[in-house]
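Asker: Just the structure for this:
(2 chains)
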Number of protein chains: 2
Amino acid sequence: MPPIKLALVGLGKIARDQHLPALAANPDYQLIALVSRSIHEQQALTVAFPEAKLFTDLDQLLASGLEIDAVSLCAPPQVRHAQAARALAAGCDVMLEKPPGSGINDVQALIHQAERHGRVLFATWHSRYAPQVEPARAWLESKRVTALKVSWREDVRHWHFNQEWVWQPGGLGVFDPGINALSIVTRLLPDGLYLTKARLDFPSNRQTPIAARLEGALAGRASGPVEIELDWLKTGEQSWDIEIGTDQGRIELTHGGSRMLIDGEQIAVAGEQEYPGLYARFSELVARRKSDVDLTPLALAADAFLLGERREVDAFEW
Amino acid sequence: MPPIKLALVGLGKIARDQHLPALAANPDYQLIALVSRSIHEQQALTVAFPEAKLFTDLDQLLASGLEIDAVSLCAPPQVRHAQAARALAAGCDVMLEKPPGSGINDVQALIHQAERHGRVLFATWHSRYAPQVEPARAWLESKRVTALKVSWREDVRHWHFNQEWVWQPGGLGVFDPGINALSIVTRLLPDGLYLTKARLDFPSNRQTPIAARLEGALAGRASGPVEIELDWLKTGEQSWDIEIGTDQGRIELTHGGSRMLIDGEQIAVAGEQEYPGLYARFSELVARRKSDVDLTPLALAADAFLLGERREVDAFEW
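Answerer: Sure, this is the predicted structure:
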């Protein structure tokens, strides 16, 4: 198969840190366009991709006549739907950063559009490609799950400095990292979970929560409590930890899924491989003409907002 | 088929006004149990059903050994999941008042539970049984839809007086009536719609919104704007109106779906038939051993909370 002619749209932190290096290393792709409102300030970035044409917005690219097979969308979620709909209409396959949209129904509209036009749509959940997620899933397959605990605590000032969109409606606030945890646990627990209670802390000057405490229950053949703590003001040691109790011992995924412990004993450590895994998966989906859109993590976040108790907390400033 | 031995759980306003009269008129059902925390204050209600045994909670009923085929759950949504899960586990078919739960994932867990145990689950959306909904759907089938406008304005003090659960987390606030409108429009527009913007007004002393303004777009083959206004402080004339523009004229459903106008001309008026329609449908589903759970209206409400801008407004007192 010839390489996929890909355009990368949105050159924020995640594109620079993750997408560009993963694309540079994968011969399945030819990066032929870079799109960013501030493309002219980002010349340095583009040096590594001398073949790529530069555009300030997606419409300019689509009107240019440049032949592209696919787009990878990394702009904030609030504009994702409109970009994806235009790209699908123009005949491109589409890969979406997480979350795939600002609501369940806008992503469902994209699913139907992709089906009607025979295009491939891939809603990525990068944390599912953390190295210990599949080994943990395999370990859990033969066990009965009895409890789930998630502690996802990081420093927004360090990881999202000045990214105002996270505080704007649709930006998810602390659920922007939190949905990574939800994407892992919904992969590990095929019968899923549901929420019974949520407390959301909104800074007095912001539209999205800075902390959340979710309670719920395991569904299906599993049975037991769910506790999820999300905190965006954690300084010092960060925690991206998932602990799952079973009838045959306790498994922990720490460091965002790169380390695995069973009954407290560390049994695997590995380096980060998330974005190379995502792009390998997209190229496979494109070859098979198959879409992959799982809305479960987004639906859990939506449930938290729907049933959450709101509490006002101190104003947030960068 | 012998009549379905049914227990009605929750004897609030909707049960008294709608469920009991519909059951009394339908020979497919034998109402054999009434369940309410305040059952002993409701003797007058139960006179019409001399065969019905009385219980103060569902567990008491399930432990009694009374043989029941199905339960109809009318208690507030915050307790619906736990009641439904217990009834399914006890081997009953289950009919759920709207909304079917306090979140998308808790209803999905019930769907899977019903499948595993071969039970029928019916998530009702009573407004879909308003008399002009199916005629309007048939009229729309051959048209291209270009716009949707919903105005759902009622007086919470009149319709929900002292129902504190509507203001508690998971009680939906103005989306409790608003979801009726969402259930109608998602029936009328099979390609659906999605939200792009929402403003939610929360009284300073309450946990759920008292008003909402939603904006969005029609999906699929339809194309055009969506505007939805929900207001719970409307006194005087109430409005439960839906207006749909098409390439071949404009259709209006007013009075909650009981009147239909085309290009401003009233062409049909009918009396209310919603709950008789619901119970006819449930008996058909039970006979066919088929579930019917459409989560789209709840997912639209969840999307509004997820992407909504929150605004604090005056405190609400009854």
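Asker: Mind jotting down where the helices sit in chain A?
Answerer: Assignment of helices within chain A using DSSP state H yields the ranges A:13-14, A:20-24, A:43-46, A:58-63, A:80-89, A:104-117, A:133-140, A:156-159, A:175-188, A:274-288, A:296-307.
Asker: per-stretch mean pLDDT over the ones you listed, give me the minimum one.
Answerer: Of all those, mean pLDDT reaches its minimum on helix A:43-46 (a mean of 73).
Asker: Quick one: name the residues of the stretch 201-318 of chain A near chain B.
Answerer: A:202, A:207, A:216, A:219-220, A:296, A:299-303, A:305-310 (CB under 8 Å from any CB of the partner chain). C-beta here means a position set from N, CA and C on the backbone, and glycine is covered the same way.
Asker: could you flag which of those residues are buried?
Answerer: Buried by 16 or more other CB atoms under 10 Å in any protein chain shown: A:202, A:207, A:216, A:219-220, A:296, A:299-303, A:305-308, A:310, out of those.
Asker: what's the closest of those to residue A:195?
Answerer: Nearest to residue A:195 among these, counting by CB to CB, is residue A:216 at 4.0 Å.
Asker: Let me see the contact set for that closest one.
Answerer: Shown in contact with residue A:216 (CB atoms under 8 Å, 6 or more residues apart in numbering or on different chains): A:193, A:194, A:195, A:196, A:197, A:225, A:226, A:228, B:105.
Asker: mind redoing it with 10 Å?
Answerer: The contact partners of residue A:216, taken as CB atoms under 10 Å, 6 or more residues apart in numbering or on different chains, are A:148, A:193-198, A:225-228, A:300, A:303-304, A:307, B:103, B:105-106, B:109.
Asker: neighbouring strands for the lengthiest strand in chain A, and are they parallel or not?
Answerer: Secondary structure of chain A per DSSP state E: the longest strand is strand A:193-203. Strand pairing for strand A:193-203, determined by DSSP bridges: strand A:211-218 (antiparallel), strand A:308-313 (parallel).
Asker: I'd say residue A:151 and residue A:211 touch.
Answerer: No. Applying CB atoms under 10 Å, one finds residue A:151 not in contact with residue A:211, separated by 12.0 Å.
Asker: of the two, who's got more company?
Answerer: More neighbours surround residue A:211 than the other of residue A:151 and residue A:211, with 21 against 17 (other CB atoms under 10 Å in any protein chain shown).
Asker: Once you drop chain neighbours, what's closest to the more buried one?
Answerer: Closest residue in space to residue A:211, ignoring its immediate chain neighbours: residue A:201 at 4.2 Å, by CB to CB, 6 or more residues apart in numbering or on different chains.
Asker: got the contact list for the residue nearest the centre of chain A?
Answerer: In chain A, the residue lying closest to the centroid (CA atoms, centre = their mean) is residue A:98, at 3.1 Å. Taking CB under 10 Å, 6+ apart, we find residue A:98 in contact with A:14, A:77, A:80, A:123-128, A:172, A:176, A:179-180, A:182-183, A:278, A:297-298.
Asker: Kindly report the residues of the stretch 51-200 of chain A close to chain B.
Answerer: Taking CB under 10 Å from any CB of the partner chain, the part of the stretch 51-200 of chain A that reaches chain B is made up of A:77-78, A:81-82, A:85, A:99, A:101-110, A:112-113, A:116, A:168-172, A:175, A:186, A:191-200.
Asker: Could you report the neighbour count for residue A:59?
Answerer: Using other CB under 10 Å, residue A:59 has 13 other residues around it.
Asker: Could you double-check that it sits in contact with residue A:37?
Answerer: No. At 12.0 Å, residue A:59 does not count as touching residue A:37 under the criterion of CB under 10 Å.
Asker: which residues are common contacts for residue A:151 and residue A:211?
Answerer: In contact with both residue A:151 and residue A:211: A:229, A:230, A:231, A:234, using CB under 10 Å, 6+ apart.
Asker: Return the subset of the residues you listed lying in strands.
Answerer: Counting by DSSP E, the shared contacts of residue A:151 and residue A:211 place A:229, A:230, A:231 in strands.
Asker: Residue in the stretch 51-200 of chain A with the shortest distance to chain B?
Answerer: Ranked by CB to the nearest CB, the top residue of the stretch 51-200 of chain A for proximity to chain B is residue A:103, at 3.3 Å.
Asker: So that residue is in contact with residue B:192, correct?
Answerer: No. In this structure, residue A:103 is not within contact of residue B:192 by CB under 10 Å, at 11.7 Å.
Asker: Write the ChimeraX selection for whichever of the contacts of residue A:216 are buried.
Answerer: The ChimeraX selection below is limited to those of the contacts of residue A:216 classed as buried (16+ other CB under 10 Å):
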select /A:148,193,194,195,196,197,198,226,228,300,303,304,307 /B:103,105,106,109
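Asker: Run through the residues that contact whichever residue of the stretch 201-318 of chain A sits closest to chain B.
Answerer: With CB to the nearest CB, the shortest gap between the stretch 201-318 of chain A and chain B falls at residue A:303, namely 3.3 Å. Applying CB under 10 Å, 6+ apart, we find residue A:303 in contact with A:194-196, A:198, A:214, A:216, B:101-108, B:170, B:298-299, B:302, B:305-306.
Asker: What of residue A:63?
Answerer: Counting by CB under 10 Å, 6+ apart, residue A:63 touches A:55, A:57, A:90.
Asker: How about the last one: what's its closest non-neighbour residue?
Answerer: When you say that, I think you mean residue A:90. Closest residue to residue A:90 apart from its sequence neighbours, by CB to CB, 6+ apart: residue A:62 at 4.8 Å.
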